[in-house]
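Trainee: task: produce atomic coordinates for the following.
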Amino acid sequence: AKIVHHKMDACEQPMVSIHIPISNEPPELVIRSLKACLSQNYHNFEVIILDNNTQDINLWKPVEDFCRNHEILKYHRYPKLEGFKAGALDKCIHLSARSTKYIMVIDADYCLKTYALKEAVIEAEKNQLDLLQFPQAYRNINFRNESLAMEYQHYFDIYATAANTDKAMLSTGTLCLFRFESLKELPGWKNCQTITEDAEIGIQFIKARKHTAFSPKILGYGIMPQNAIDVGKQRARWIFGNMHTLLNNKWNLGSKRDLNIIMQLTAWLNFLMPVYLALFTLLLVGSQIYEKTELNLILIMGAIPFLINLLGKSILFYRPSLSRLEILRTLAIHIHFNFRSSIVWLPCLLGGRKPFYRTPKDDKQRRNFQFTDVTCLLFFAIGIMAFMNDLVLHATIYTLLGNVYLFSTLHTLNALKYSETSSRINLKLQTNTL
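Mentor: Now for the predicted structure:
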């Protein structure tokens, strides 16, 4: 979105406290983000760096030394702190200046643009907002992973934009501005019980009838996960935490606001893998029991979820500015991670817990393959069983669906595979000036 710069005198600037929770982060990456904070054309702000659970002195000491040279940077280290990111953010609340009016939460890898604070505060003041979320954008996009960036972007283009219609925008964890007084009126970070504390705090704001909104202005850039394993783990955390949030709250399905919140919480959630595992088991056990007409109906009904998913996401990913090839590549990435992450919510239904996973900012993970990457074999097996029952058309359909998933897997693993060249490009993009 195009940024229109507004004027704000220094004497009119409300106090902003930037909160950056960090844990075992590469120091050069954190320092790069702190330099971006120091470059703001806004005068009335502080930066609280809450370093928690970092034991390696080579990681925390350079950050502490850098902060010592800048009064505006307030470094605090807690060798042991419970509560994951929510626990760190709760500590930041108590360390904020008394005059603070707004809090901006950013992740350790995010570099703010020079005008970020000024634009965020002006928009919040103008619209009397209590929570204002900005889109997550990335600076390590290259020729390989650009389809992943477009896949991330669809959340903000579709779900976040739709949330504005019902004033139901949740926080997405970084680049979010909170009104301090409003935050203090709520149960707050300490009451966030899931590993997606950002969604939980957003729900607290909405239930308290605070004003929340999404702005499409890009105010900063972060680092995308750089391999399929890390993307899959990140996606699993989102799904697992959001499922917990869904189960921990009561919903009115007749309310447009509640439905909008549910849409945001389930944006990455799907049930495809359990459906086709159940279908495969049903065919394996019952192929000798069911009549041909019954098998025909079972196979037709089984193909519908995948086909609807393909059609629906094709519509969501469509942009006039994108070529058909770009849309196809984005869809392929999405399909692949749909199946990778479509069973992670099951333990949540049984009361299971999942540890918080910090997305690595380096590119040390060279293994991309997981067992779900052979999901195409499941479709091929279903197709073979259909063929053995003289259901040739159904066998063809499931073979095609298997090839669709095979293509999505090959594209994803190739797009996110490790290479020395891409690693050097990513390192350069992480440390260069915006």
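
Trainee: CA-only coordinates of stretch 309-319, as CSV, when you get a sec.
Mentor: This file holds the C-alpha atoms of stretch 309-319, laid out as CSV (Å, rounded to 0.1, in the frame of the first residue of the first chain):
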residue,chain,number,x,y,z
ASN,A,309,-10.1,-26.9,-1.3
LEU,A,310,-8.4,-26.6,-4.7
LEU,A,311,-11.2,-24.4,-6.1
GLY,A,312,-11.6,-22.3,-3.1
LYS,A,313,-8.0,-21.5,-2.6
SER,A,314,-7.5,-20.8,-6.3
ILE,A,315,-10.1,-18.1,-6.0
LEU,A,316,-8.5,-16.7,-2.8
PHE,A,317,-5.1,-16.6,-4.4
TYR,A,318,-6.2,-14.9,-7.6
ARG,A,319,-4.8,-11.4,-8.1
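
Trainee: buried ones in the longest helix along the chain?
Mentor: Secondary structure of the chain per DSSP state H: the longest helix is helix 292-317. Along helix 292-317, the positions that meet the burial threshold by neighbour count (16 or more other CB atoms under 10 Å) are Leu295, Asn296, Ile298, Leu299, Gly302, Ala303, Phe306, Asn309, Lys313, Leu316, Phe317. Heads up, the C-betas are built off the backbone N, CA and C, glycines and all.

Trainee: same thing with stretch 84-102?
Mentor: Along stretch 84-102, these residues count as buried under the neighbour rule (16+ other CB under 10 Å): 84-93, 96, 100-102.

Trainee: which of those residues sits closest to Ile158?
Mentor: Distance ranking of these against Ile158, using CB to CB, places Lys85 first at 25.4 Å.

Trainee: pLDDT value on the closest one, please?
Mentor: Per-residue pLDDT puts Lys85 at 95.

Trainee: what about it, which helix or strand?
Mentor: Using DSSP states H and E, Lys85 sits within helix 84-95.

Trainee: and that helix, what does it pack onto?
Mentor: Based on contacts counted as 3 or more CB pairs under 8 Å, 6 or more residues apart in numbering; DSSP states H and E, the elements that helix 84-95 packs against are strand 15-22, strand 45-52, strand 73-78, strand 100-105, helix 197-207.

Trainee: show me what the longest helix of the chain is packed up against.
Mentor: Packing contacts for helix 292-317, counted by 3+ CB pairs under 8 Å, 6+ apart, involve helix 146-154, helix 272-286, helix 324-340, helix 375-388, helix 392-415.

Trainee: between it and helix 146-154, what angle do the directions make?
Mentor: Following axes from the mean of the first three to the mean of the last three CA atoms, to 10 degrees, one obtains 90 degrees for the angle between helix 292-317 and helix 146-154.

Trainee: need phi/psi at Gln226.
Mentor: With angles defined as degrees, to the nearest 10, Gln226 sits at phi -110, psi 10.

Trainee: quick one: contacts for the nearest residue to Ile382 once chain neighbours are set aside?
Mentor: If the residues on either side of it in the chain are set aside, Ile382 comes closest to Tyr398, at 4.6 Å by CB to CB, 6 or more residues apart in numbering. With contacts defined as CB atoms under 8 Å, 6 or more residues apart in numbering, the neighbours of Tyr398 are Leu299, Ala303, Phe379, Phe380, Ile382, Gly383, Ala386.

Trainee: before we move on, the earlier item: need the buried residues of stretch 84-102 in a markdown table (columns: distance to Ile22).
Mentor: Shown next, in a markdown table, are the buried residues of stretch 84-102 (distance: CB to CB, whole Å):
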| residue | distance to Ile22 |
| --- | --- |
| Phe84 | 13 |
| Lys85 | 10 |
| Ala86 | 14 |
| Gly87 | 13 |
| Ala88 | 8 |
| Leu89 | 12 |
| Asp90 | 15 |
| Lys91 | 12 |
| Cys92 | 11 |
| Ile93 | 16 |
| Ser96 | 17 |
| Thr100 | 20 |
| Lys101 | 24 |
| Tyr102 | 21 |
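
Trainee: how about the residues you listed, which pair is most distant?
Mentor: Of all pairs drawn from the buried residues of stretch 84-102, the widest gap by CB to CB lies between Phe84 and Lys101 and measures 26.8 Å.

Trainee: so what's the gap between stretch 183-190 and the chain middle?
Mentor: Here stretch 183-190 shows a centroid-to-chain-centroid distance of 22 Å under the convention CA atoms, centre = their mean, to the nearest Å.

Trainee: which other residues reach whichever helix or strand Val121 is part of?
Mentor: In this structure, Val121 is located in helix 116-127 according to DSSP H and E. Residues outside helix 116-127 that contact it (CB under 8 Å, 6+ apart): 3, 5-6, 8, 13-14, 16, 18, 40-42, 45, 102, 104, 129, 132, 134, 177, 179, 211, 213, 215, 217, 219-220.
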